[in-house]
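[1] Sequence and computational prediction follow.
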Amino acid sequence: MTSVFNFTFVPWFRSVAPYIHKFRHQTFVIGLAGEAIAAGKLPNLVQDLALIQSMGVRIVLVHGFRPQVNEQLKAKGHEPRYSRGIRITDEVALDCAQEAAGQLRYEIEAAFSQGLPNTPMAGSTVRVISGNFITARPVGIVDGVDFQHSGLVRKVDTAGIMRSLDMGALVLLSPFGFSPTGEAFNLAMEEVATSVATELQADKLIFITEVPGIRMRPMEPAGEDNPIDTELPLAQAERLLRDLPPANLPTDVGFYLQHCVTACKSGVERSHIIPFSVDGSILLEVYVHDGIGTMVVDEKLEELREATSDDVGGILQLIEPFEKDGTLVKRSRTEIERDIDQYTILEHDGVIFACAALYPYPEEKTAEMAALTVSPEVQGQGDGERVLKRIEQRAKASGLESIFVLTTRTMHWFIKRGFAPVDPDWLPEARKRKYNWDRRSQVLVKKL
């Protein structure tokens, strides 16, 4: 029996390892439907999230409370009211929402505080931080309907959330926002999760919901003949939304899909819809190749890759204008061919739109990021951040603790992305010998 177990466990664990390495230090925003909590799925979901966090993933958890609020309303003799898929939050509904949010926050924090022996939570230490991270504004009156205390996200306190994540905490958000005057607004979990993922430029947005994902033929009944579409390119997802009727209910095909599309179009690399009915669904989605739900992915990201010798000409063409105006130090074809393995490129339809090179100094546990270039045609669309993130991942995978850049014109761009200026004497000795004191480049360092 033991040998059979070893035979299955060891290959499985090895197959999971690349995903553990890949997602370490990444940020996931999890949108947890209130229906999952009502269905009694919270204990196992918390165990899985604690396990994921223990493997280095930074987690923001946004919980819903739709059925809990409806239950509170029913107990008070009131019917829930909706328009255009948004709850109309009168005074009674606001009281019910506040009561439900407080109860759920208590339950979630209690679940993350478990540590019983012989359970997946044994030895875990998950610190949960909640707070007023969301500024909201009222929905107002739409088509003659006054939504009263229902709101929309106006601003996300990304700095506060990032500080909490940097401390190693799990950030827990209720679907509430507050105005500068202190007024509370009831928000939709889906909108909060999407807004937070977008503002944080999270690596993943994951909805754990009552729907299993998007069917390959969404208007036909589920079954073996109509399986889940496990990967949906962004362009295809947009076309699907255009062909579907308006989605106002969570069970409508486009309800979660529209938020996934919004997130992907705003720079979130991948968005997922997975079912809470399957035990361990988030582990299956994140750490198994095919996953279990639907992943919406911007197909442009698939061209973010390491360069090959075939890319030398495209890199030269991309960086040449920046070398001429003095933004970049001139590099010869021979030099780029020699160092081509160090380059990361962003390619679309056979054209290279961005690149950067990584030159490691292993003894000092650092590396130089050089020749970071984005084509003027796509500047301002986040391609520079995508290449930077890939370079950081390469450096981390090599066991390095920092990366540095030398720049004369783009200092503020790097500072906004976590780099800090240092004296040139900080440079590794081998790099210091090649430093051009006449060029007087600024040296900036980012800890990984």
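    Right, received. Where do you want to start?
[2] which residue ranges form the helices in the stretch 1-150 of the chain?
    2-23, 34-38, 42-54, 66-75, 91-112 (DSSP state H, counting those that start in this stretch).
[3] The strand ranked longest in the chain pairs with which strands?
    Secondary structure of the chain per DSSP state E: the longest strand is strand 351-361. Sheet pairing of strand 351-361 (DSSP bridges) gives strand 343-348 (antiparallel), strand 366-374 (antiparallel).
[4] quick one: contacts for residue 176?
    97-98, 101, 134, 136, 184-187 (Cβ atoms under 8 Å, 6 or more residues apart in numbering). From N, CA and C alone the C-beta is placed, and that goes for glycine too.
[5] switch to 6 Å and redo it
    residue 184 (Cβ atoms under 6 Å, 6 or more residues apart in numbering).
[6] I'd like the distance between residue 37 and residue 208.
    Distance, residue 37 to residue 208, using Cβ to Cβ, to the nearest Å: 10 Å.
[7] before we move on, back to that, okay if I get the strands paired with strand 351-361 as CSV plus mean pLDDT, distance to residue 196 and mean neighbour count?
    CSV is the format used below for the strands paired with strand 351-361 (pLDDT from 0 to 100; distance: least, Cβ to Cβ, whole Å; neighbours: other Cβ atoms under 10 Å):
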stretch, mean pLDDT, distance to residue 196, mean neighbour count
strand 343-348, 87, 25, 21
strand 366-374, 94, 26, 23
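[8] pretty sure residue 199 is touching residue 159, no?
    No: checked against Cβ atoms under 6 Å, the pair residue 199 and residue 159 is beyond contact range at 10.2 Å.
[9] When those two are compared, which one has more neighbours?
    residue 199 (18 against 9; other Cβ atoms under 10 Å).
[10] So the more buried one belongs to a strand, correct?
    No: assessed by DSSP: H, G, I helix; E, B strand; the rest coil, residue 199 does not belong to a strand; its assignment is helix.
[11] Would you enumerate the residues in contact with it?
    156, 158.
[12] tell me the pLDDT at it?
    Residue 199 carries a pLDDT score of 96 in this model.
[13] still on that earlier bit, which of residue 37 and residue 208 has more neighbours?
    residue 208 (26 against 22).
[14] For residue 261, what are phi and psi?
    phi -60, psi -40 (degrees, to the nearest 10).
[15] Determine which of the strands paired with strand 351-361 approaches residue 274 most closely.
    Residue 274 lies closest to strand 343-348 among the strands paired with strand 351-361, at 28.3 Å (Cβ to Cβ).
[16] what stretches of this protein score poorly on pLDDT?
    Residues of the chain that meet the criterion pLDDT under 70 lie in 1-7, 116-122, 223-224, 299-302, 348-349.
[17] One more pass at 50, please.
    1 (pLDDT under 50).
[18] From the recorded domain assignment, give the ranges for it.
    2-297, 304-447 (automatic domain parsing).
[19] Quick check: which of these is buried the most?
    Ranked by mean neighbour count, the domains of the chain are led by domain 2-297 with a mean of 18 (mean count of other Cβ atoms under 10 Å).
[20] Quick one: distance of that one to the chain centre.
    12 Å (Cα atoms, centre = their mean, to the nearest Å).
[21] just stretch 376-385 next, same as before
    The answer for stretch 376-385 is 19 Å, by Cα atoms, centre = their mean.
[22] gap between the two ends of that stretch?
    15 Å (Cα to Cα, to the nearest Å).
[23] With stretch 238-256 instead?
    OK, stretch 238-256 end separation, Cα to Cα: 13 Å.
[24] ok, now stretch 427-447?
    14 Å.
[25] repeat for stretch 177-184
    End-to-end for stretch 177-184, by Cα to Cα: 6 Å.
[26] can you check stretch 150-170 too?
    26 Å.
[27] in the stretch 301-448 of the chain, which spans are helices?
    312-324, 333-338, 383-397, 411-415, 429-432.
[28] Is it possible to get a markdown table of these that adds distance to residue 268?
    A markdown table is the format used below for the helices of the stretch 301-448 of the chain (distance: least, Cβ to Cβ, whole Å):
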| stretch | distance to residue 268 |
| --- | --- |
| helix 312-324 | 26 |
| helix 333-338 | 32 |
| helix 383-397 | 11 |
| helix 411-415 | 21 |
| helix 429-432 | 35 |
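[29] I'm done for today, thanks for sticking with me.
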